[in-house]
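Novice: Predicted model, plus sequence, below.
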Amino acid sequence: MFPPLKGRPLRMAVLDYGLFQVHANGRIIGICGYLIQTDADETVLIDTGFPAKYADHAETASIEDDLTGFGRVLSITSDNLAPDQVALTGTDPAAITLMVQSHTHIDHIGFLHGFPGVPLVIAAAERALPRPLYWAGKQDMEWPERDCIELSGDAEIGPGFHAYLVPGHTPGQLAFLVELPKTGSVLLTSDAISRPAEIDEGFEGAWDTACAIESGARLMRIAEETKAMVIYGHCPVQWPGLKKAPEWYD
């Protein structure tokens with residue numbers, strides 16, 4: 001079952017999973033995922049934001065997950081949950097062909113157990129963990145029972161859709177290069193580079209700082225070589241200017 005996709009990317013939507021503020025520096029960051037449609041009528045969902053309980057009562061959920069020491073949710077409504085964001089693009093959530101997990105922190109795996117029966121692409125190093133990383137709190141999220149396509153290195157998910165294994169932020173962090181017909185190459189760094197300044201700051205707080213520095217430099221080389229538009233994982237400067245669902249990059 002590899003590569004799992006047959007078609008080339010036709011268009012990509014940035015999904016808005018809400019806003020979060022980091023206590024240490026006051027930085028306000030967008031939480032994002034991506035929906036990609038191919039010319040073979042395939043639909044790919046990259047990451048699924050926070051769990052649904054954060055739209056019900058963010059403060060209670062943050063206390064439960066021990067997230068309050070790190071930051072606070074500023075805005076997550078039911079409209080920011082993965083199924084609603086997918087539907088906002090005019091896509092039936094039941095039409096998802098493939099899920100892709102960049103890594104397994106709390107703001108990326110809220111609907112890891114959603115979309116049942118859909119195969120999941122994930123780094124082998126991440127899937128080898130006893131549980132998803134989630135957060136430091138009292139979480140009980142287990143791995144879903146579904147077909148997993150585990151990547152031990154860089155891979156082609158489909159024509160014009162590449163995954164890069166870029167550990168550092170987490171053991172199995174993935175980034176992606178999507179080649180769109182009009183926009184051209186788009187590099188989705190995910191949290192391998194949350195914002196450009198992180199490169200100069202030395203990726204403080206990463207799971208493995210040396211790996212994070214090496215991975216960040218590698219992704220910037222790829223961006224230069226491919227002349228790619230770069231979308232960072234959580235860049236407060238870039239986030240307001242990005243087109244978001246229901247708009248598309250094509």
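Specialist: Now that the structure is in, tell me what you want to look at. Being a predicted model, the structure only gives us computed values, none of them experimental.
Novice: So which bits of stretch 120-137 are buried?
Specialist: Going by neighbour count (16 or more other C-beta atoms under 10 Å), the buried part of stretch 120-137 is 120-123, 125-127, 132-135. From N, CA and C alone the C-beta is placed, and that goes for glycine too.
Novice: closest to Glu214 among these?
Specialist: Nearest to Glu214, judged by C-beta to C-beta, of these is Ala125 at 15.0 Å.
Novice: For that closest one, list the residues it contacts.
Specialist: Applying C-beta atoms under 8 Å, 6 or more residues apart in numbering to Ala125 gives the contacts 152, 165, 167, 171-172.
Novice: of all those, which comes closest to Leu187?
Specialist: Distances from Leu187 to the contacts of Ala125, taken by C-beta to C-beta, are shortest for Leu165, at 14.5 Å.
Novice: Which strand or helix spans the residue of the chain most remote from its centre?
Specialist: Distance from the C-alpha centroid of the chain peaks at Thr60, with 24.2 Å (C-alpha atoms, centre = their mean). Taking DSSP states H and E as the definition, Thr60 sits inside helix 58-64.
Novice: got a list of contacts for the helix or strand that that helix is followed by?
Specialist: Using DSSP H and E, the helix or strand that follows helix 58-64 in sequence is strand 71-75. By C-beta under 8 Å, 6+ apart, the surrounding residues in contact with strand 71-75 are 18-23, 28, 50, 54, 58-59, 61-62.
Novice: still on that earlier bit, just the buried residues of stretch 120-137: which are in strands?
Specialist: Those of these mapping onto strands are 120-123, per DSSP state E.
Novice: now the residues you listed as a markdown table including pLDDT and distance to Cys148?
Specialist: As requested, those are exported to a markdown table (pLDDT from 0 to 100; distance: C-beta to C-beta, whole Å):
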| residue | pLDDT | distance to Cys148 |
| --- | --- | --- |
| Leu120 | 98 | 5 |
| Val121 | 98 | 8 |
| Ile122 | 98 | 6 |
| Ala123 | 98 | 10 |
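Novice: Looking at these, spot the one nearest Thr104.
Specialist: Of these, the one sitting nearest to Thr104 (C-beta to C-beta) turns out to be Ile122, at 7.9 Å.
Novice: Show me the shaky parts of the protein.
Specialist: 1 (pLDDT under 70).
Novice: Repeat the analysis, applying 80 as the threshold.
Specialist: By pLDDT under 80, the low-scoring segments of the chain are 1-2, 137-138.
Novice: ok, which stretches of the protein are helices?
Specialist: Taking DSSP state H to define them, one finds helices in the chain at 53-56, 58-64, 82-88, 124-127, 197-201, 209-226.
Novice: Let me know which of those helices is tucked in deepest.
Specialist: Compared across the helices of the chain, helix 82-88 shows the largest average neighbour count, a mean of 21 (mean count of other C-beta atoms under 10 Å).
Novice: Need the residues that contact that helix.
Specialist: Under C-beta under 8 Å, 6+ apart, the answer for helix 82-88 is 15-17, 33, 35, 45, 48-49, 78-79, 93, 96, 110-111, 114, 245-246.
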